[in-house]
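K.L.:
Whatever this is, show me its structure:
(one chain, ligands or ions: 1)
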Amino acid sequence: MIRKIVEGVYNVGAIDWNRVLFDEIVPLPQGTSYNSYLIKGEKKIALIDTVEPEKAEELLRNLEELKVDRIDYIVSNHAEQDHSGSTPILLEKYPMARVVTNAKCKDFEMDLLHINEDKFMVIKEGDILDLGGRTLKFIMTPWVHWPETMTTFLVEDGIAFTCDFFGSHAATSHTFAEQYDRIYHEAKRYYAEIMMPFRQIIVRNIKKIEELNPKIIAPSHGPAYSDPKFIIDAYKEWTSEETKNEVLILYVSMHGSTKKMVDALTDYLYKEGVEVKVRDLIKANLGEIAIDMVDVTTLIIATPTMLAGPHPSAVYAAYLVNALKPKAKVIGIMGSYGWGGRTVDILKSNIGALRAELLEPLLIKGLPKREDYKKIRELAKKIADKHRQLGVMK
Ligand code: FEO
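P.N.:
Below you'll find the predicted structure:
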């Protein structure tokens, strides 16, 4: 499917309606797309990013349909396989093409794709490439989400090709974002799963893109944005220091005691005026948990003690939280045990990268008793106090 962005600029990539998992961990409930953009200048033809190798045939078919018999430049914004994996196939079909990218990306592609060094044209920040009546400018936007990531700006048309940055895992035949609520959700999911660990660097990159004053943002996943402000503002919101008056409780319960604690905390927090999201780690979707993490103020991990430590699902959750580095300001550990163990120590050792304040853990023996409910109530009050001190609740 060829999708026209403007006259002479086409999305010739592939829509992956059926893919359900990315990186063997990230769920894709809406599929995804690998956007590849053909730009026709008066003298030169450039292709921005390619597609997953298994979708290369679709890309080649689209190029044939547009009667492209020559590609001069394959611009590579990012070395990951879903955008560069088909470059060797393209180079076989168009042997005169040069791969245009930065030095770091070149090194990655030599290692990951075994592309010969003489195929590359290395560019750096601010360099331009004249296509004849159309100019590409290269802007380094590192760590969205690899160290080599960059953006290519088509100056005359005001189109920023941002690759993963501002993307969404959404298979759609819409060239431009139309269902804004849906795309907001999918872009937030993408941000949460892929970009959130690099939040502070991303703030600088948002500024660089905003300074280009683009008319269109065309990422390499999901639809393009004819209203760049929509996605730039969304990214500003997600990457800001501001959090919401919300607590996210991630829990697992084997025989119901930890669940009773979670239910009680949920109820007490609500009475204190704090919003709560509760996710059962056995049933919850990782993507939804990641979205929940984006703007909560407090995170609670609740687990029973088994085999002298936390339930493995709670360890997984702690590891995930630590890796995704949400901007939560407060974190708590709670749960029920039978005869002791190292639950708190093990969980604490898995969240060392977080800057959040760790509350006094609350572990109780067996089913919660009257005095335990008092402690849970105290915990809810403490969280509400923290939210007031942080200014997220009046
Ligand atoms: Fe869409 Fe980092 O690859």
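
K.L.:
quick one: buried residues of stretch 224-234?
P.N.:
224-225, 228, 230-232, 234 (16 or more other CB atoms under 10 Å). For glycine as for every other residue, the C-beta is placed from the backbone atoms N, C-alpha and C.

K.L.:
ugh, wrong one, I meant stretch 364-381
P.N.:
In stretch 364-381, counting by 16+ other CB under 10 Å, buried: 364, 368, 372-373, 375-377, 379-380.

K.L.:
What about those residues, which are in strands?
P.N.:
Ile364 (DSSP state E).

K.L.:
okay if I get the buried residues of stretch 364-381 as TSV plus distance to the ligand?
P.N.:
Output for the buried residues of stretch 364-381, formatted as TSV (distance: CB to the nearest ligand atom, whole Å):
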residue	distance to the ligand
Ile364	43
Pro368	44
Asp372	46
Tyr373	47
Lys375	44
Ile376	42
Arg377	45
Leu379	39
Ala380	40
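
K.L.:
export the buried residues of stretch 364-381 to a markdown table and tack on pLDDT?
P.N.:
Output for the buried residues of stretch 364-381, formatted as a markdown table (pLDDT from 0 to 100):
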| residue | pLDDT |
| --- | --- |
| Ile364 | 97 |
| Pro368 | 97 |
| Asp372 | 98 |
| Tyr373 | 98 |
| Lys375 | 98 |
| Ile376 | 98 |
| Arg377 | 98 |
| Leu379 | 98 |
| Ala380 | 98 |
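
K.L.:
residue boundaries of the helices in this protein?
P.N.:
Assigned by DSSP state H, the chain shows helices spanning 56-65, 81-84, 87-93, 103-113, 180-190, 199-211, 228-239, 257-272, 286-293, 312-324, 343-349, 370-389.

K.L.:
So which of those is the most surrounded?
P.N.:
Stretch with highest mean neighbour count among these: helix 81-84 (a mean of 24; mean count of other CB atoms under 10 Å).

K.L.:
now it, how far from the centre of its chain.
P.N.:
16 Å (CA atoms, centre = their mean, to the nearest Å).

K.L.:
Dump the helices of the chain to JSON lines, plus distance to Cys163.
P.N.:
JSON lines is the format used below for the helices of the chain (distance: least, CB to CB, whole Å):
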{"stretch": "helix 56-65", "distance to Cys163": "16"}
{"stretch": "helix 81-84", "distance to Cys163": "6"}
{"stretch": "helix 87-93", "distance to Cys163": "14"}
{"stretch": "helix 103-113", "distance to Cys163": "10"}
{"stretch": "helix 180-190", "distance to Cys163": "12"}
{"stretch": "helix 199-211", "distance to Cys163": "11"}
{"stretch": "helix 228-239", "distance to Cys163": "14"}
{"stretch": "helix 257-272", "distance to Cys163": "40"}
{"stretch": "helix 286-293", "distance to Cys163": "20"}
{"stretch": "helix 312-324", "distance to Cys163": "20"}
{"stretch": "helix 343-349", "distance to Cys163": "35"}
{"stretch": "helix 370-389", "distance to Cys163": "37"}
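
K.L.:
possible to save the buried residues of stretch 224-234 as JSON lines with pLDDT?
P.N.:
Output for the buried residues of stretch 224-234, formatted as JSON lines (pLDDT from 0 to 100):
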{"residue": "Ala224", "pLDDT": "98"}
{"residue": "Tyr225", "pLDDT": "97"}
{"residue": "Pro228", "pLDDT": "97"}
{"residue": "Phe230", "pLDDT": "97"}
{"residue": "Ile231", "pLDDT": "98"}
{"residue": "Ile232", "pLDDT": "98"}
{"residue": "Ala234", "pLDDT": "98"}
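
K.L.:
Single out the residue in the stretch 101-250 of the chain that lies closest to the ligand.
P.N.:
Asp164 (4.4 Å; CB to the nearest ligand atom).

K.L.:
And the residue nearest to Glu42 when sequence neighbours are not counted, what's its pLDDT?
P.N.:
Leaving aside its sequence neighbours, Glu42 sits nearest to Gly132 (CB to CB, 6 or more residues apart in numbering; 3.3 Å). Listed pLDDT for Gly132 reads 98.

K.L.:
Gly132 against Ile39, yeah?
P.N.:
No: shown here, Gly132 and Ile39 do not form a contact pair, counting by CB atoms under 8 Å, at 10.8 Å.

K.L.:
Compare the two (neighbour count), which wins?
P.N.:
Set Gly132 next to Ile39 and count neighbours by other CB atoms under 10 Å: Ile39 wins out with 24 against 11.

K.L.:
how far away is the closest residue to that one other than its chain neighbours from Asn322?
P.N.:
Sequence neighbours aside, Ala46 is the residue nearest to Ile39 in space, at 4.7 Å (criterion: CB to CB, 6+ apart). Relative to Asn322, Ala46 is positioned 40 Å away (CB to CB, to the nearest Å).

K.L.:
Tell me which residues touch the residue of the stretch 101-250 of the chain closest to the ligand, please.
P.N.:
78, 80, 83, 144-145, 149, 190, 194-195, 219-221 (CB atoms under 8 Å, 6 or more residues apart in numbering).
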